[in-house]
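S.K.: Kindly return the folded structure for what I paste below:
(chains A and B)
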Amino acid sequence: MNTYKFYIRSLYLSCVTILMLGFSSCQIDEVLDPNGPSLQAIINNASRSDLQLVVTGAESLLRKQLNFYYFSTGIIGREVYLFTSADPRYTGELLGRAESVLDNAGFYGTRPYSGRYITIRNTNILIQAVTNNAQKLSLTTEEINGYNAFAHAIQAYELHLALNMQYQNGIRVDVADPDHLGPFLNYDQSLAAIQSLLTTAATELSNAGSTFPFKLSSGFTGFDTPATFRLFVKALAARISIYQGDKAAAATNLGESFLDVAGDLYAGPYRPYSTSSGDQSNEIYRTPNQSEAFLAHPSYVNDIEPGDDRISKVLARDTLKLDDLSSTYDCVVYPSLSSPISLIRNEELILIRVEARIGSNNTGAVEDLNVIRNAHGLPNYSGGTDDASLVDELLKQRRYSLYAEGHRWVDMRRYGRLSQLPIDRPGDDVWQELPRPVTEVQ
Amino acid sequence: MKKTRLWLLFVLLISGGWVHAQFSASGTISDDEGNPLVGVTVTIKGTTIGTISDIDGKYKIDVPTSSATLEFSYLGYTSATYVVTSGASMINVSLSEDVTRMEEVVVTGLASSVKRSNLANSVASVPASEISGITVPTTTEAALYGKFKGVNISSNSGAPGGGMSFKLRGTTSINGSSQPLFIIDGIYLDNSSIKAGLNVVSKAQAGGATTNQDNPSNRLADIDPNDIEKIEVLKGASAAAIYGSRASGGVVIITTKRGTSGKTSVRLSQSVGVNTILNPQGVRQWTEERVLGSNFASKIDLYRQSVANGQIHDYEDELFGNNGKLYNSRISVSGGNDQTQFFIGGTYKNEEGIVKNTGIVKESARLNLNHKFNDWLDGSVSTNYIHSSADRGFFNNDNTGTTMGVALTSTPSFAQLLPDANGNFPKNDFAASNFLETAAKITNNEEVNRFIGGGSLTAKIFSTGHHELKLLLNGGADYYNLNTTAIFPNSLQFERDGNGLNGVSAQGSTKNLNSNLSAFLVYSHYANSGISSRTQLGVTQENFENNFILGTASNLVGSQTNLDQSGTRDIEQTRLIQHDKGFFGQEELNYKDKVIATVGVRGDKSSNNGDVNKFYFYPKASVAVNLHEFMDMNSDNLNQIKLRAAYGQSGNFAKFGSKFTTFTSGIIDGQPGVEIDNLLGNANVAPERQKELEFGVDIGALKNRMLFDFTYYIKNVEDLLLEANVPWSTGFITRVTNAASLQNKGVEIGLDYQVIRTTDFNWNTRIGWWKNKAEVTKLLVPSYTTGGFADFLGQFRIKEGHSPTEIIGVGNNPDADGYVVYGDAEPDFQMSWFNTLTWKNFDLTFLWHWKKGGQAINLSTLLFDLGGTTHDYDDVDLDPNHVIGNGPYRVSQIGVNSDVMIEDASYIRLREIGLYYTLPKTFVKDVNLKLGFSGTNLINIFKYNSYDPEVSNFGSDGLSTQVEVNPFPSSKRFDFHIIADF
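M.R.: Here you go, the predicted model:
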């Protein structure tokens, strides 16, 4: 009986202790995200090194899902094929095989689209973080202009890629607040808004001192100070002007860009790729002569002038057939996993000057065309010098000079010539634009 | 709170008294055949006084009154009651086997259980004899197919080591998991599926689908089915509310075997078997004309040469034709005395797959101990160590043509892929890889070292005739280290000569630790009025930590596989940390076994919620009425009628990380940067909530030889968390919002019947029939498609008023969304038929399982069609005009009409069959020898045009089951058994 009472007491005490322990430690501590820095921390409490991280992140994001941009524009523009046993859409929907149509949830359109806007989100976070922390970090006006100019230029670039895919659907330009997105602007309004962002960036760059408060990657070598970065911004402005059909503005912008008729055609800023750790490799690249292939459209070789050294952009291979398509050339514009992809380069600027001159200075246009032709081992242009002939020649030179760089489809569309693109199979279609992504429709 | 508790204890303590015996009742307890039964519980009805029978079946109990009713109960036997008086105190009892399992105790609270005949829920329970007694189940889930109602178990692929998804009473979540919570001996079991990093080679995630398609096994597979005593399944919130925030998908409670006092018994068993592909498809038969009319026209010379040399190969057979040997060895020892009982179980499994170099080796060891410290304190310990190593091959979707299944689709039978005399494999000109070389050279291994251990203490704080207060403490931990090794040497066709990444070595390491603790007080009261009550109150705490690290090296140095022997390295880490705390209280009232009512509530809070210290409450209530107890039923034909109703709520957490918006790292040109992630987090995220109402009736007839049960349930899941798409121009892809509700309604009907019962011949049969129907009842975001790859390839659509597993595609007469509904992944109904026949020394058991309806998206056939090698490529039964071959016909429908890819996934299977013969005891002295043969999936009837309609390219992830892309095909198996009991 006594021992009975004893154990009752000891148990009683221990169970009370346990229950008390159970409740006294009842509070749960907040668990911080163990897997990455939080958005709130950067917006509200950024350090200078955080700002650098966001800048570098934005530059890195320029590459996000970019391979799909080149696949879609290249395939619809009949420059390339992508053969893969794993997905029928590259040879089906994108070429409008038989009855098939584009899908507004198809990865070929949605991924490159969302990829561009993720870059834009990162740059908007940069602008917000700079604004919120300017005082705390004692940022100078010049420094603030530097950050903002970078952000605006990148936004303009990415918006333009999105617009190239969406064309007459238009795009949203004002996306600063994810809860209150701006309206869709039509094609012309979108171009104007992009041009205005570039104007803002250029102005900011003129007031950003002699150095940026951040570092850019080797892709911007030669364009990494406010003054030289401005050459890039004006080059983009020239591209937009010519898309707007404003040849005079294009010429003005070219004047402030890095256009150099005698210079390296490949000069310009790039998105670098690498196979080193954590970096991104160029996912357009496919090993030549395999069944998993990034192929040249047969018309590229069929239509090329004899002697044109741009034949080196393709490489002969064993005939490969899929889905009633076939090609005997691989596209080797991006010959390795670490091949950089140009943002805009001198060769395009020369061709923009050609385009700007046609109609007002056809002699100058021919001179510039010859610069391109001679550089590629071709004799001087000998065709007609009327506007129409020159436009034909311009489009041809753009086709070969900017092959597989996302221009052919857009150029043919600008000139209303999509119907001139070659059709491979009866019933195939040439699409005018990619559908507005499903989540934007709702 | 604390004050009330102390007060309650105080009252209880002073109200207790000491009871003196008036006389002792005693006797012997035996079964129908006169064998003594050890461990039978003998209690004085209406009190807590009890004892158990000893090794000879004898019992002795002190009775405090002049007469009493003794209740004899024993697991697996029908209980009996006898009146004893001081004059007639010697009672010998014979118990008969409980065929209908009415007496079995079933869990109803975190610290209590109730016998089935008083249960208000439809809780399924599967005993050991059905889990591992017939065939050799590959995994625990595989042992449950067709064995209880209300479940949809689906194998994701046939790869060794498992990979299954498990849904109880339909889909309960859209984005979150619909998988149940697994509890083993009170321990929260981790059931993650952890990727092996194959994506870097397969690029499966690069195309239309963003979810992982590595198809790893799920970690429940580690548990050895042989150790399991029984599995109880709480199918919906009405029963599972006791597990609160984690119980939305239901709860599967696994109880492992324990020792009993008495002679030490040893069981040795060995099985040897073989498995083969379940449903080979065959390959396309080539003729010159067909070659010339195909993509392979330029290879006509190769074709002619191959025919001339007699080198036409059935590559399906070359790849999947391995007759995998299966060895399973098992030892179990159990015994003990009145104080301490032990159970030891050891299993060694070595099974090959149907693809060369695949298979699983597993060792599992278990030690369970029970100890009675004294008459008021009991303790128990369970420990389990598991080591398993599974080689799973390289299958499922890819975007590089490298997986074995996808490479097979474009390889015609006249290709030459066999290795030469030196073992060098030729290049496959028809695909990116030579799958025979791939099978020979790659490694895709999952190796687990796992320890699961737990213990409990039960202390009777006091016990009088009418009152009893017990304290139950329970705790446990589940720890494992999973190493995944994926090696793709640079000598492979798709890694050499500048292809691929010049060799890949991906090595993952995951550490997982779950731990849980609970403390409960259980107070039982037996009033003279015949009302007994039981009150339980306690606290719980669970912690979950998972740390996943994956190192991926490419550009390997020669044949080296260490991560540092490489030119390029990538590292990925994901951690998960969650702390939950809660309490649980429940009150049960039992009026003379006539009416049994229960109310309870669980409160939970978690670091995973937006507000970490907010309690979320999950109430439950149930009532069972045993009508037969009210009536005077002398009829032998009708023995029990029970009406029951139960209601309960449970929750489901948001995926870890849903409350955060984070940056991921991005490196450019060696400089680190931060990139905003795809997911816009929700800082106020709260759990999903399920509310289930269940009604049923149980009827026992023909001396309880026949038991019929019927259950209807309706469960509503509210506040469903969606990773709803946001306009992508925000720079985010999805955001987590509570934005939908869905409803599951279903019926479960069961019939157990002991058809024949004679001395020599017994036949028991059990039929189950169940059906579930789900509907999205509310959707605050526009309807959207999910899962699969693309609308024209078949996807699931979430749309208000429609089933959440509805499969849509493109085609004629589309609806407002532009889609055509082609089916639903959910079956129309399922039915199982389980039979046990014994004749003298023979036992025959077989289980049929019929799944009627439900569609699957078959993209394997499509890939074979695109590759021009489908087995039925040249048949003309699909084309309405019977002109175009099936292959070209299906290809012509791509983007036009998805109907050809969405197929009926019905099946009828002979899931299990086992025939055993027990040798006469005289054969070997003191050894009970049993020989047997068993088979799994020996008969399969389905129309589905691929290996198996039961498949999931995306594993058990979310809604995306029933999508097929060239999986590891499933197999059927035969085993021969020899079992010796000492």
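
S.K.: Which single residue of the stretch 701-850 of chain B approaches chain A most closely?
M.R.: B:Gly731 (2.3 Å; Cβ to the nearest Cβ). Where C-beta positions appear, they are placed from N, C-alpha and C, glycine not excepted.

S.K.: With only the CA atoms kept, save stretch A:45-58 in PDB.
M.R.: Output in PDB follows, covering the C-alpha atoms of stretch A:45-58 (Å, rounded to 0.1, in the frame of the first residue of the first chain):
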ATOM      1  CA  ASN A  45      17.400  45.800 -46.400                       C
ATOM      2  CA  ALA A  46      19.800  45.500 -49.300                       C
ATOM      3  CA  SER A  47      23.500  45.900 -49.100                       C
ATOM      4  CA  ARG A  48      25.700  47.100 -51.900                       C
ATOM      5  CA  SER A  49      26.700  43.500 -52.500                       C
ATOM      6  CA  ASP A  50      23.100  42.500 -52.600                       C
ATOM      7  CA  LEU A  51      22.500  45.100 -55.400                       C
ATOM      8  CA  GLN A  52      25.500  43.600 -57.300                       C
ATOM      9  CA  LEU A  53      23.900  40.100 -56.900                       C
ATOM     10  CA  VAL A  54      20.600  41.300 -58.300                       C
ATOM     11  CA  VAL A  55      22.400  43.000 -61.300                       C
ATOM     12  CA  THR A  56      24.400  39.800 -62.000                       C
ATOM     13  CA  GLY A  57      21.200  37.800 -61.600                       C
ATOM     14  CA  ALA A  58      19.500  39.900 -64.200                       C
END
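
S.K.: and the residue in the stretch 1-150 of chain A that chain B sits nearest to, which of the three is it?
M.R.: Here the stretch 1-150 of chain A gets closest to chain B at one residue, A:Arg121, 2.3 Å apart by Cβ to the nearest Cβ. Three-state call for A:Arg121 (DSSP: H, G, I helix; E, B strand; the rest coil): helix.

S.K.: list the contacts for it?
M.R.: A:Arg121 makes contact with A:Val175, A:Pro178, B:Ile676, B:Thr730, B:Gly731, B:Phe732, according to Cβ atoms under 8 Å, 6 or more residues apart in numbering or on different chains.

S.K.: mind redoing it with 7 Å?
M.R.: B:Ile676, B:Thr730, B:Gly731, B:Phe732 (Cβ atoms under 7 Å, 6 or more residues apart in numbering or on different chains).

S.K.: And B:Thr347, by the same measure?
M.R.: By Cβ under 7 Å, 6+ apart, the contact set of B:Thr347 is B:Asp224, B:Asn226, B:Asn328, B:Arg330, B:Ser364.

S.K.: quick one, domains of the chain?
M.R.: All of this is about chain A. A:39-77+A:90-283+A:340-346+A:409-422, A:293-331 (automatic domain parsing).

S.K.: actually it's chain B I care about, not the one you picked
M.R.: B:20-97, B:125-281+B:320-981.

S.K.: about what we covered before: now the residue of the stretch 701-850 of chain B closest to chain A: how far from A:Ile118?
M.R.: According to Cβ to Cβ, to the nearest Å, B:Gly731 stands 5 Å off from A:Ile118.

S.K.: so what sits against both of these two?
M.R.: Joint contacts of B:Gly731 and A:Ile118 (Cβ under 7 Å, 6+ apart) are B:Ile676.

S.K.: ok so, going back, now for the contacts of B:Thr347, which pair is the farthest apart?
M.R.: Using Cβ to Cβ, these span at most 11.0 Å, a distance reached by B:Asn328 and B:Ser364.

S.K.: ok, back up a step: relative to A:Arg408, which of the domains of chain B is closest?
M.R.: Across the domains of chain B, closest to A:Arg408 is domain B:125-281+B:320-981 (Cβ to Cβ), at 24.0 Å.

S.K.: Quick test: name the residue nearest the centre of chain B.
M.R.: B:Glu141 (3.7 Å; Cα atoms, centre = their mean).

S.K.: Flag the shaky bits of the chain, pLDDT-wise.
M.R.: In the absence of a named chain, chain A is used. Chain A contains residues with pLDDT under 70 at A:1-25, A:442.

S.K.: if you could check chain B rather than the one you did, that'd help
M.R.: In chain B (pLDDT under 70), the answer is B:1-21, B:99-103, B:206-211, B:633-635, B:957-958, B:960.

S.K.: Which stretches in it count as helices?
M.R.: B:2-15, B:128-131, B:199-202, B:237-240, B:288-292, B:300-308, B:315-320, B:404-409, B:435-441, B:627-630, B:859-867, B:886-892 (DSSP state H).
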